[in-house]
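*Asks:* Sequence unavailable; structure follows:
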């Protein structure tokens, strides 16, 4: 591979393979639907149960208009709030006291954000299990080393400026 050529991306290669498989499946589906349409136009074979009579299939049952309900986990919908409110949380005037620990928990939730929708994918990306993609810990280490280097360079430049300033005065 030449020095100016981009390395192939394994995720885009997999995407291309999946698109080809989808196109093949769609072609198979269209072929099968054409065959089904062709068999619908041909006359049906007489029934062996009623050899010399017309087959009268029973009419389909009329559709019911009653709603169909699914079971829903009510615990997730009506989960109790994270904080408990008791009489100790309010002062004599009925005003809520400031809770430092609850404030810290809210800040931590705000800072960390919501949990990922697919934690297994996040785990795979962090471990570097997808071939061709660098593990997240390696990327973090590179970013940390780059930051340390820039801080050291900034400190040296600042030290040089301060030294020049005090030398002249």
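*Replies:* Yep, it's here. Source: prediction; values computed, not measured.
*Asks:* all contacts plus neighbour counts: C-alpha atoms, from now on.
*Replies:* Will do.
*Asks:* which is the next helix or strand following the worst-scoring helix or strand of the chain on mean pLDDT?
*Replies:* Using mean pLDDT, DSSP states H and E, the weakest-scoring helix or strand in the chain turns out to be helix 74-77, at a mean of 66. Once helix 74-77 ends, the next helix or strand along the chain (criterion: DSSP states H and E) is helix 100-112.
*Asks:* how close does residue 94 get to residue 102?
*Replies:* Applying Cα to Cα, to the nearest Å, the value for residue 94 to residue 102 is 19 Å.
*Asks:* Neighbour count for the two, which is higher?
*Replies:* residue 102 (12 against 9; other Cα atoms under 10 Å).
*Asks:* can you give me the helices in this protein?
*Replies:* 10-41, 74-77, 100-112, 119-127, 136-168 (DSSP state H).
*Asks:* closest one to residue 88 among those helices?
*Replies:* When the helices of the chain are compared for distance to residue 88 using Cα to Cα, the nearest one is helix 100-112, at 14.0 Å.
*Asks:* so what does the closest one touch, helix or strand wise?
*Replies:* The contact analysis (3 or more Cα pairs under 8 Å, 6 or more residues apart in numbering; DSSP states H and E) places helix 100-112 against no helix or strand.
*Asks:* average pLDDT for that helix?
*Replies:* What helix 100-112 shows for mean pLDDT is 82.
*Asks:* Can you give me the buried ones in it?
*Replies:* Buried residues in helix 100-112, defined by neighbour count with 16 or more other Cα atoms under 10 Å: none.
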